[in-house]
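In: Quick one: sequence and predicted model below, then my questions.
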Amino acid sequence: MGLQRSEEELAGKSRKAQLVQVSKNYRSVIRACMEDMHQAAVSSRDPALQGQYSTQVSILSAMELIWNLCEILFVEAATAGPLLLRLLDWVRLHVCDVDSMVREVLSSESPSKHKLFWNVVDVFVLQGRMDEARHLLSKEASANPASMNMYKILDDLMKKMPVPSLGNTQTLTELELKWQHWHEECQRYLQDGTFASNPHMESICKILLGDEDAILEKKELMTTWYHFLVTRLLYSHPTVKPMELRFYAQSSMDLFLGGESSPEPLDLILMAAFEFEMHQVIKECSIVLSNWWFVAHLTDLLDHCKLLQSHNLYFGSNMREFLLLEYASGLFSHHSLWQLGVDYFDHCPQFGRVYLELHIERVPLSTEQKALKVLRICEQRQMHEQVRSICKIMAMKALRNNRLGSALSWSIRAKDAAFATLISDRFLKDYCEKGCFSDLDLIDNLGPSMLLSDRLTFLGKYREFHRLYGEKRFAEAARLLLTLMTAHIAPCSFWMTLLTDALPLLEQKEVIFSAEQTYELMRCLEDLTAGNPDKQKFQDDDVETTKVEMLRLALARNLARVIVKEGTVEGS
Amino acid sequence: MFVARSIAADHRDLIHDVSFDFHGRRMATCSSDQSVKVWDKSENGDWHCTASWKTHSGSVWRVTWAHPEFGQVLASCSFDRTAAVWEEIVGESNDKLRGQSHWVKRTTLVDSRTSVTDVKFAPKHMGLMLATCSADGVVRIYEAPDVMNLSQWSLQHEISCKLSCSCISWNPSSSRAHSPMIAVGSDDNSPNILAKVQIYEYNENTRKYAKAEALMTVTDPVHDIAFAPNLGRSFHILAVATKDVRIFTLKPLRKELTSSGGLTKFEIHIVAQFDNHNSQVWRVSWNITGTVLASSGDDGCVRLWKANYMDNWKCTGILKGNGSPVNGSSQQGIFNASLGSANTSLQNSLNGSSASRKQS
C-alpha cells in the first residue's frame, strides 16, 4: 500500500532506494512466513501436516529466492561491480545445505583434523568468503608446520584478491587491471608447482584461477547451478555486466547439469531472470505458483519501477492490473480478508471499480455489523446502487422477520420511499390491531428522514400526537391531530381512527378544541361518512354507526361549550 | 487449490439442477422425485438441509433463486407443464431451533401445454420478472407488478421460438445502452441445420421481444446457455453447452434505423471452442466477474476455463465428479496448479448426478 501512495513522491535515486526498501519489506514478510511455517512443521506431530508445512516452507523459500534475484537485477538494477557482490550475498543467503557441515567442523576440537575440513574450506572459497577460509587454513598451518610455506603463499594470494567494492573507490578499469595482475600471479605459482604436494591447496589455487573443471569437481558443495554461476563469475569475470549474465547463466546451467537432469521450473524462472526477461519470469511464476500473491505483488513492484512498460507498452500496465484483480478477487471469497481486497481494487484504475461493485454486493450480510461495514465502503466510494441494494436486502430480511423497526431504518437508509410507505402501513396496521406502537425509539427519532414518504411522515407525526397527549399537552396535540387530517397527511383509511383519538380530547373537562377546530372536525367526519363509498358498510356495521354517533354527540357538545367559553367575557 | 466436499442429498431420484443463491450461502436442489430441497451453509462450512418438500407432480427440471432484494424466493419448473414461485416463511421459534424453514407456493404458472424446461429470473433492475421456456418452443415472460405480492404474476410476453427449447439465459447487463435480452437454446433433435441458439431483444418501440440473432454455427442440441456478467464491456459474452463448450462474443453494431426502429444487429465471433469433455456438455456457469467459466459434461468432469490478459481462453482446472483432481490436468511444477481463488465465487451445477450422492 505504501508503494501505491508514494507514486508522486520522490524521484531519482531516492526513489530507487525506496523501491529497494519496499522489496526488502516484501522479502522479510516472506521470511517471516517461512519461520512460522517452519515452527509449525517442527512442532506438529501429525506427519501429514508436517509434510504440508514443509512443502509450504520450500515454496516460500523458492519465492524468496526468486524475489531476491529480481530485486538485485531489476529493482536495484545493480551495475557491474556491485552486481557480483550482490549475487555473492544472494548465494550465501540461499544455499544453506552446507551450513550444518560448516558448523560441525568449526565447533570440533581440532578442525583441521576433521575429515570434512577441506570441504568446508572449499565451501568458503567457492562462496568468496576469503577471511573465513584463511582463518581455517591458519589452523591447518599451525597444526601442520611442514606446509607452512605453501600456506603463506596461498594465504597471501587470497588476501590480495581484488574484489569489487561498493563505494566508488575504484573504477572498473582499475579493478580489472589489478585483477589481471593477481590472476597472473596465481597462474605463476600454480605452474611453478608450489602446491604440488598438497592436492587440496592446489585445487584451491585452481579455483582461484577460475578453472571450470576444478570448480565443477566441487559440485556437491555448490548444490545448484546458480551457485556455480556466481563462483565462476567471481573467479573469472568479477566485473561482469548485467547484460552479460545471460550467456554465463546458460552455459553454467548446461555445464552443471551436464545433460544428466533437465531444468526444473524453478531453474527456468531464475534463468529467465538472468536473461532479463521479466515477462517470462512472471509468466513462469504464474503457471507454477498456486496463488496470485507472489506474481501480483512482484508485478506491481516492477511496474512501479517503470520496468514493465519499457518492455511492452500494451501489456505492461494491463498485466499488473490483471494480476492484482485476480489476487483481490481471490481475497473476496474469504470471510474476513475481503476487506483487503477492497484496497487492491481501489488501485486498479481500469477495472477496479466495477470488480469491486460486483464483489461487494456478494459479500454475505450475515450480521448487521458486516452489512454496515460493507455499506461504509460503498458509501465512501459513491457506489449508490450498491448501497441501495444492500439496504433493500437488509430491509427485506428484517421485514420477513417482522422486525419492523429495523426494516424501516434500512429502507430509510436505502432512500426507498415505496418500501418505507409499505412498512409505515404495517406499523399503523399493527397499531390498529394492538393499540400500541413497537419500535417507539425509532419513530420518535426519525427527524428529517420522516419526509422520505408521506406515509412515513404521517407515522412520525401520529406518534408525536400520542406523545403530546401522553405529556398532557392537549392543545398542541389537538392542533396536530387536526393538521393531520386537514393537510391530508393522513390517509383516508385512517381518519376514523384519528377521529376516535379525538374523542378523549373532546371529553376532557377543559375545552381543548376551539370553535373553528370543532367545525373542521365535524366537516371531516361528514366528509368521511358522506363521501364514503362504503356507506353501506358504515350503516350496516353497528360498531361503526355507534362510533359515528358518539363522535357527532361529542363534537356537538364540545361546540356548545366552546361557543359559550369563547363568547364569555373574561373576568366579568 | 480445490477442496471437494460431498453431501448426501437424500433425493430419491436423479438430481437435475443445483442453484446457489446470490451470496453463495444457500443452495437449492431439485429432482425427479418431484421435490425441491433447500440447503443452508453454517458458519463452519457445513451444509444442512433446512427444507424439503414436494413441489410438482412430475420431475422438477430446474430451480432458481430470485435476487435477495425480493426476499427469499425460488422458482421451479417441471415436466408437469407448470412453473411455480415459492417464498420462504419465517417459521415458529421451535422450527428455527430445529433449523427448519417453510416454503409456501405463491403462484403456479400454468400457461404451458408441454414440459417446462427452464425458468430464470430476470436481472433485478428489471423488477420482479421471470422467463420460462417449454418443450413446445414457447418462451413466456411473467412479471409481478407488486413485489410485495408474489401471488400476482401476469404474462407479459409469449415468444414462439419454433424449436423445442431447453434453456434460457437473461443478459445481466444493467447498462442503459443495452435493451433487455434473452438467449434461448434448443435441444431439438430432428435432423435440421436450424440455429439452436436464438437471441431475443426487447424493442422499446413495439414493446415486444423480437429475434435479434440466431447463432447459425450452433446446429447440435444445446443443453445450457449462459450470458457472462458484464464488466462494463460494450459487448456481450455468451457460453453455450452443446456437444462441446463454446464461447461467443456479441458486439452490438449501430442500431439500424429501420421503420420498426431500434433492433440491434450483432457481430458474432466464436472466441473459444473446447471439446475436452469428449462428450455432451450439460451445464455452463460463470463466476461473479465473468472471468471464469465452469462446464460439466458426460465424462463426469467439471472443467474451468479462463482467459489470460491476451484474451486466450484455456482450461485451468479439471475436477472429477467425485471431487478428485485429474492428473496431468494443467501444468506441472514444483507447486500445484490451481486457480488460486476459492470456490465460493463460482456457482456451478452438475447435471445428472446419481440418486443419493451429490457433490458441491
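Out: That came through fine.
In: From here on, just use CA atoms for contacts and neighbour counts.
Out: OK.
In: Next, the buried residues of stretch A:511-528.
Out: The neighbour-count check on stretch A:511-528 (16 or more other C-alpha atoms under 10 Å in any protein chain shown) flags A:511-515, A:517-518, A:520-522, A:524-525, A:528 as buried.
In: Point out where the stretch 201-350 of chain B drops to low pLDDT.
Out: Low-confidence segments of the stretch 201-350 of chain B (pLDDT under 70): B:254-263, B:309-310, B:323-350.
In: Residue 265: neighbouring residues, count only.
Out: Chain wasn't specified; assuming chain A. Around A:P265 there are 17 other residues, counting by other C-alpha atoms under 10 Å in any protein chain shown.
In: ah, no, chain B please
Out: Look at B:K265: counted by other C-alpha under 10 Å, it has 15 neighbours.
In: now swap in A:L233 and tell me
Out: The tally of other residues near A:L233 (other C-alpha under 10 Å) stands at 21.
In: ok so it is a helix residue?
Out: Yes: judged by DSSP: H, G, I helix; E, B strand; the rest coil, A:L233 forms part of a helix.
In: Disregarding flanking residues, what is the spatial nearest neighbour of it?
Out: With C-alpha to C-alpha, 6 or more residues apart in numbering or on different chains as the criterion, A:L233 has its nearest non-adjacent residue at 7.1 Å, and that residue is A:V240.
In: Report pLDDT for the one you found.
Out: For A:V240, the pLDDT comes out at 83.
In: now A:F315
Out: Value for A:F315, per-residue pLDDT: 48.
In: Which residue does the stretch 151-300 of chain B have closest to chain A?
Out: The minimum distance from the stretch 151-300 of chain B to chain A, using C-alpha to the nearest C-alpha, falls at B:L231 (6.2 Å).
In: Same question for the stretch 1-150 of chain B.
Out: For the stretch 1-150 of chain B, C-alpha to the nearest C-alpha, closest residue to chain A: B:E69, 4.5 Å.
In: Next up, phi/psi of that residue, please.
Out: B:E69 adopts backbone torsions of phi -60, psi -20, taken as degrees, to the nearest 10.
In: How about B:S19?
Out: The phi/psi pair for B:S19 (degrees, to the nearest 10) is phi -140, psi 130.
In: Surely it and B:R25 touch.
Out: No: counting by C-alpha atoms under 8 Å, B:S19 does not reach B:R25; the two are 10.7 Å apart.
In: Show me which of the two is the more surrounded one.
Out: Remark: of B:S19 and B:R25, B:S19 carries more neighbours, 21 against 17, as counted by other C-alpha under 10 Å.
In: If that one is in a bridge, with which residues?
Out: Beta-bridge partners for B:S19, by DSSP bridges, are B:A28.
In: State the number of residues packed around B:W61.
Out: Applying other C-alpha under 10 Å, we find 25 residues neighbouring B:W61.
In: could you say which helix or strand contains it?
Out: Assigned by DSSP states H and E, B:W61 falls within strand B:60-65.
In: where exactly do the helices run in chain B?
Out: Listed in chain order, the helices of chain B (DSSP state H) span B:93-98.
In: let me redo that: the stretch 1-150 of chain A
Out: Ranges of helices in the stretch 1-150 of chain A, per DSSP state H, counting those that start in this stretch, are A:2-5, A:13-43, A:47-70, A:82-94, A:99-107, A:117-126, A:130-143, A:148-160.
In: for the second one, packing partners?
Out: Secondary structure elements in contact with helix A:13-43, counted by 3 or more C-alpha pairs under 8 Å, 6 or more residues apart in numbering or on different chains; DSSP states H and E, are helix A:47-70.
In: and the helix it packs on, what does it pack onto?
Out: Applying 3+ C-alpha pairs under 8 Å, 6+ apart, one finds that helix A:47-70 makes contact with helix A:13-43, helix A:82-94, helix A:265-274.
In: Please convert the ones you listed to TSV, extending it with mean pLDDT and distance to B:C301.
Out: Output for the helices and strands packed on helix A:47-70, formatted as TSV (pLDDT from 0 to 100; distance: least, C-alpha to C-alpha, whole Å):
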stretch	mean pLDDT	distance to B:C301
helix A:13-43	78	34
helix A:82-94	84	42
helix A:265-274	86	28
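In: so which of the ones you listed gets nearest A:N291?
Out: Nearest to A:N291, of all the helices and strands packed on helix A:47-70, is helix A:13-43, at 13.9 Å by C-alpha to C-alpha.
In: ok, B:I237 - contacts?
Out: B:I237 makes contact with B:227-228, B:247-250, according to C-alpha atoms under 8 Å, 6 or more residues apart in numbering or on different chains.
In: circling back: just the helices of the stretch 1-150 of chain A: most buried one?
Out: A comparison of these by mean neighbour count, using mean count of other C-alpha atoms under 10 Å in any protein chain shown, puts helix A:117-126 on top with a mean of 22.
In: Check the offset of that one from the chain's centre.
Out: Its chain's average C-alpha position is 45 Å from that of helix A:117-126, according to C-alpha atoms, centre = their mean, to the nearest Å.
In: again with stretch A:453-462
Out: 44 Å.
In: Buried residues of it, list them for me.
Out: For stretch A:453-462, by 16+ other C-alpha under 10 Å, it's A:453-462.
In: Go ahead and name everything in contact with that stretch.
Out: A:417-418, A:420-421, A:424-425, A:427-428, A:443-444, A:446, A:450-451, A:480-481, A:484, A:489-491.
In: Could you do stretch A:394-412 as well?
Out: Contacts of stretch A:394-412 (C-alpha under 8 Å, 6+ apart): A:391-392, A:417, A:419-420, A:423-424, A:426-427, A:438-439, A:442, A:449, A:452, B:68-71, B:89-90.
In: ok, now stretch B:73-90?
Out: Residues from elsewhere that reach stretch B:73-90 (C-alpha under 8 Å, 6+ apart): A:400-401, B:55-67, B:71-72, B:101-120, B:132, B:134, B:150.
In: wait, doesn't the residue of the stretch 1-150 of chain B closest to chain A sit right on A:Q386?
Out: No: counting by C-alpha under 8 Å, B:E69 stays clear of A:Q386, with 11.4 Å between them.
In: Pick out whichever of these two has more residues nearby.
Out: A count of neighbours by other C-alpha under 10 Å puts B:E69 above the other of B:E69 and A:Q386, at 22 against 19.
In: Check the spacing between that one and A:S142 real quick.
Out: To A:S142, B:E69 is 87 Å away according to C-alpha to C-alpha, to the nearest Å.
In: Now do the same for residue 111: its pLDDT.
Out: No chain in the question, so chain A it is. So A:P111 comes in at 70 (pLDDT).
In: wrong one, I was asking about chain B
Out: On pLDDT, B:D111 comes in at 92.
In: ok so, going back, give me the buried subset of the contacts of stretch A:453-462.
Out: A:417, A:420-421, A:424-425, A:427-428, A:443, A:446, A:450, A:480-481, A:484, A:489-490.
In: now, which of the contacts of stretch B:73-90 lie within strands?
Out: If you go by DSSP state E, the contacts of stretch B:73-90 have B:60-65, B:102-109, B:116-120, B:132, B:134 in strands.
In: What residues does chain A have near chain B?
Out: Within chain A, the positions adjacent to chain B are A:59, A:264-266, A:287-292, A:318-319, A:322, A:327, A:329-331, A:333-334, A:351, A:354-355, A:358-359, A:362-364, A:389-390, A:392-393, A:396-397, A:400-401 by C-alpha under 8 Å from any C-alpha of the partner chain.
In: Please repeat the previous calculation with a cut-off of 7 Å.
Out: For chain A, the contact set with chain B under C-alpha under 7 Å from any C-alpha of the partner chain comprises A:265, A:287-292, A:319, A:322, A:330, A:333, A:354-355, A:358, A:362-364, A:389, A:392-393, A:396-397, A:400-401.
In: just the buried members of those?
Out: Among the residues of chain A next to chain B, the ones that count as buried by 16+ other C-alpha under 10 Å are A:265, A:287-292, A:319, A:322, A:330, A:333, A:354-355, A:358, A:362-364, A:389, A:392-393, A:396-397, A:400.
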